[in-house]
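**Q** Have a look at this prediction, sequence included:
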Amino acid sequence: MSSSPEPGTSGGAAAPAAEDDPAPPPPLEVGAPVLWRREGQLIPAEIVGRRVIPSGGDEYEYYVHCTDSDRSRGVWVKSEQLDLGSEGADADKRTDDKGHEEFDTASLQQLREIIRVKHIAKIGLGTHEIDTPLHSPFLDDDDNSKLYFCEFCLDYKEQKGHLERHMESCHLRHPPGTEIYQSGNLSVFEVDGKEEEVYTGTLCILATLFLLSKASEPEVEHFLFYILCEYDDQGYHMVAYFSKDKSVEQKYNLSCILTFPPFQRKGYGTLLIELSYEFSRREGKARGPERPLSKLGQLSYKLYWTRVLVNILQEKKETVSVKELSDSTGIAAGDILDTLEDLDLIKYKKGMLVICTNPNILNRHLRPAGVRGVDFDASKLIWTPYHMRS
């Protein structure tokens, strides 16, 4: 698993370099194919993360995955252990780029036009054909227009055969970003909308086919996108995502969330909600999701808030305040109050707000909330708040 993009450095101003000192080389790009010098051999690899070496001035180290391994866990290496100038690495780079030359902002605008004028009732994504809310069994196939998307680069085609030909030349096998979380066969990649405008723009357009409450696209350069993937020997398959505004001043920790229909009811939405609140805790700011939420989103959040808050209240032997709950969970105070009031867990005594901690009442609320489907292990998250990065 890779690190998040490099955090900012600290310390005082560095001593000025001598006039004849060479400038440090620019850092290698995340996603670049390289050859890793290991035990006297050159191993094909890919850079999936980088960070500034502590006390190393402007020097970087890089997190690399072996591209010839089914599931490389990756390793941190120094720049001198990597070879970018080799013909082998350059050839890999040319191969990775093949098939994407024409997938650009013009293609993005064309996709907007297709969705605006056509009745897109079904999409192809990987091995899945997915009905959108616009699908109607009473329309002919010609009326139920389809689009086919590459699940790795999100290039799209109007004919399935065209996508199959694209897949023969597309050698991407994961989203174009940095892997920040990996547990079992699940990984989360962070993709910067400013660096990957076409990919993230396509993802937003794709989401509007399923989230009727999200009729407009955001300005993607202001957002980070977190893509949840299932891994197998064919690559990292996108199953869900959420977006988050880069600005630390925003009152939302999540802008848009979508689990694609074939992967719903697996706990993936809850996993992403937990991830968003872990971000809030690391930022030191309690926040909540941007409204409006879809019906499924409303239900997911209500169950999540109920489960988290009731579990904490069960462990408390003394009274607890809304602020204490907010500080420990990252959940906005308003969302905590609304949840506790809906559960009838708030009483007022002599003008003072009192939160109920009666075990029998708490158990009665916890059972309908169920258990989370996928465990989230915050210790496996390698992520730095955006405003703290260099």
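**A** Structure received. Residues are numbered from 1 along each chain as shown.
**Q** which one is Ala32 nearest to, not counting chain neighbours?
**A** Among residues not flanking Ala32 along the chain, Ile47 sits closest, at 5.0 Å (Cβ to Cβ, 6 or more residues apart in numbering). Where you see a C-beta, it was placed from the backbone N, CA and C, and this is true even at glycine.
**Q** separation between the one you found and Val75?
**A** For Ile47, the distance to Val75 (Cβ to Cβ, to the nearest Å) stands at 12 Å.
**Q** again, but for Leu275
**A** 24 Å.
**Q** Looking at these two, which one has more neighbours?
**A** Leu275 (22 against 14; other Cβ atoms under 10 Å).
**Q** burial count for Glu59?
**A** 15.
**Q** hang on, isn't it packed against Leu28?
**A** No: counting by Cβ atoms under 8 Å, Glu59 stays clear of Leu28, with 11.8 Å between them.
**Q** For the residue of the chain positioned farthest from its centre, what are phi and psi?
**A** Distance from the C-alpha centroid of the chain peaks at Lys350, with 46.1 Å (Cα atoms, centre = their mean). Taking degrees, to the nearest 10, you get phi 50, psi 40 for the backbone angles of Lys350.
**Q** Look at it and report its pLDDT.
**A** For Lys350, the pLDDT comes out at 81.
**Q** And for Ala15?
**A** So Ala15 comes in at 47 (pLDDT).
**Q** who touches both of Ile47 and Val75?
**A** Tyr63, Val64 (Cβ atoms under 8 Å, 6 or more residues apart in numbering).
**Q** May I have the secondary structure class of Leu275?
**A** Recorded secondary structure, Leu275: helix (DSSP: H, G, I helix; E, B strand; the rest coil).
**Q** Is it in contact with Ser183, as I believe?
**A** No: distance between Leu275 and Ser183: 11.2 Å, which falls outside the contact criterion (Cβ under 8 Å).
**Q** returning to what we had before: roughly how far apart are the residue farthest from the centre of the chain and Thr105?
**A** 62 Å.
**Q** Could I get the phi/psi values of the closest residue to Lys302 other than its chain neighbours?
**A** Distances taken as Cβ to Cβ, 6+ apart place Thr339 nearest to Lys302, at 7.1 Å, with adjacent residues excluded. Main-chain torsions, Thr339, degrees, to the nearest 10: phi -70, psi -50.
**Q** pretty sure Arg112 is in contact with Thr208, am I right?
**A** No: the criterion here is Cβ under 8 Å, and Arg112 misses it with Thr208 at 9.7 Å.
**Q** more neighbours, these two?
**A** The neighbour comparison of Arg112 against Thr208 (other Cβ under 10 Å) goes to Thr208, with 19 against 15.
**Q** pretty sure that one is touching Ile115, no?
**A** Yes: contact criterion Cβ under 8 Å: Thr208 and Ile115 qualify, at 7.3 Å.
**Q** The stretch 251-390 of the chain: strands as residue ranges?
**A** 252-254, 256-259, 288-289, 346-349, 352-355 (DSSP state E, counting those that start in this stretch).
**Q** Pick the most deeply packed of those.
**A** strand 256-259 (a mean of 25; mean count of other Cβ atoms under 10 Å).
**Q** Tell me which other helices or strands that strand touches.
**A** helix 197-208, strand 235-245, helix 268-283 (3 or more Cβ pairs under 8 Å, 6 or more residues apart in numbering; DSSP states H and E).
**Q** chain center to the first one, what's the gap?
**A** Taking the mean C-alpha point of helix 197-208 and that of its whole chain, the gap between them comes to 13 Å (Cα atoms, centre = their mean, to the nearest Å).
**Q** following that helix, which helix or strand comes up?
**A** Later in the chain than helix 197-208, the nearest helix or strand by DSSP states H and E is strand 223-232.
**Q** List the buried residues of that next one.
**A** By 16 or more other Cβ atoms under 10 Å, the buried positions in strand 223-232 come out as Phe223, Leu224, Phe225, Tyr226, Ile227, Leu228, Cys229, Glu230, Tyr231.
**Q** Alright, I will stop here.
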